[in-house]
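**Student:** here's a sequence, model it:
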Amino acid sequence: MSIEVEGQVGPQVLADGTSQSFRMDRSAALVVSEAHGRYYETTFRKAIYRGANLAGVTTSAAFATTYTGCCLSNPINSSVNLVINKITYASVVAQTAALVLGIMQGFSGATNVVHTTPLVVGNANAGGSAGVGLLDSAATLPVAPTSILLLDVIGTAAITTVPDLGKLVDLEGSIIVPPGGFAAFYTSAASVASSLAFGFQWEEVNVNG
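**Tutor:** Purely as a prediction, here's the structure:
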């Protein structure tokens with residue numbers, strides 16, 4: 001069975017309440033535009049959450065299960081997937097050796113992440129309630145994680161000489177943390193004391209879609 005959608009080519013100027021065909025361009029493609037900001041609908045529905053280190057942390061060496069940095073985890077009994085939209089990171093103290101920075105991921109269906117130093121998680125809608133995702137600056141990971149995304153190289157220059165100290169990366173929902181999973185920032189070696197700050201922003205979506 002096929003469904004045929006009929007549209008009208010070219011701009012349209014309509015009054016509220018008017019019924020009209022879809023707008024199309026001259027190649028017969030459907031023309032759409034956002035009525036609000038990109039995340040308005042999801043934030044309005046109180047499904048966007050975020051959290052960050054309020055001060056620089058000392059990261060552990062990559063893939064260690066005794067972890068320090070910033071780790072987002074999803075409890076085994078959770079009913080949602082954590083869909084990561086954006087991540088942020090900043091260098092607040094110069095390193096003594098260059099570090100590779102990235103995101104690592106792991107999963108255990110039997111053991112949850114042990115939360116040593118929880119971070120505050122907030123709803124992006126000020127009227128929203130707490131979510132399911134958990135954020136920690138220190139934790140014990142149930143399994144050794146693996147690298148999934150290379151982000152940057154953190155150099156040794158003094159932060160007073162570096163013009164770009166913080167970055168925001170839009171992952172566009174391309175990393176999903178399912179129940180029993182976790183995602184965390186890593187550095188190729190331990191960083192100097194209290195030198196890096198991190199943050200996550202994610203959407204919580206029912207595992208059944």
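**Student:** what distance do you get for the residue nearest the centre of the chain to Gln12?
**Tutor:** Centroid-nearest residue in the chain, with CA atoms, centre = their mean: Ile84, separated by 3.1 Å. Counting by CB to CB, to the nearest Å, the gap from Ile84 to Gln12 is 37 Å. C-beta: built from backbone N, CA, C; applies to glycine.
**Student:** what bridges to the residue nearest to the centre of the chain?
**Tutor:** Ile175, Trp202 (DSSP bridges).
**Student:** any idea how far Ala157 is from it?
**Tutor:** 29 Å.
**Student:** just Val31 next, same as before
**Tutor:** 47 Å.
**Student:** next one: Val80
**Tutor:** Distance from Val80 to Ala157, by CB to CB: 41 Å.
**Student:** between the two, which one's more packed in?
**Tutor:** Per other CB atoms under 10 Å, whichever of Val80 and Ala157 has more neighbours is Val80, with 21 against 12.
**Student:** for the nearest residue to that one once chain neighbours are set aside, grab the count of nearby residues.
**Tutor:** Counting by CB to CB, 6 or more residues apart in numbering, Val80 lies nearest to Glu204, which is 4.3 Å off, once chain neighbours are set aside. Number of residues near Glu204 (other CB under 10 Å) recorded here: 21.
**Student:** model confidence over the host helix or strand of Glu204, on average?
**Tutor:** According to DSSP states H and E, Glu204 maps onto strand 196-206. Averaged over strand 196-206, pLDDT sits at 96.
**Student:** centre of the chain versus that strand, how much separation?
**Tutor:** Offset of strand 196-206 from its chain centre (CA atoms, centre = their mean, to the nearest Å): 4 Å.
**Student:** isn't Asn206 up against Ser79?
**Tutor:** Yes. With contact defined as CB atoms under 8 Å, Asn206 counts as touching Ser79 (6.4 Å).
**Student:** buried ones in stretch 140-158?
**Tutor:** 140-142, 145, 149, 154 (16 or more other CB atoms under 10 Å).
**Student:** as JSON lines, these with secondary structure, distance to Phe182 and pLDDT would be great.
**Tutor:** Below are the buried residues of stretch 140-158 laid out as JSON lines (DSSP: H, G, I helix; E, B strand; the rest coil; distance: CB to CB, whole Å; pLDDT from 0 to 100):
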{"residue": "Thr140", "secondary structure": "strand", "distance to Phe182": "11", "pLDDT": "98"}
{"residue": "Leu141", "secondary structure": "coil", "distance to Phe182": "7", "pLDDT": "98"}
{"residue": "Pro142", "secondary structure": "coil", "distance to Phe182": "8", "pLDDT": "98"}
{"residue": "Pro145", "secondary structure": "coil", "distance to Phe182": "7", "pLDDT": "97"}
{"residue": "Leu149", "secondary structure": "strand", "distance to Phe182": "14", "pLDDT": "95"}
{"residue": "Ile154", "secondary structure": "strand", "distance to Phe182": "22", "pLDDT": "89"}
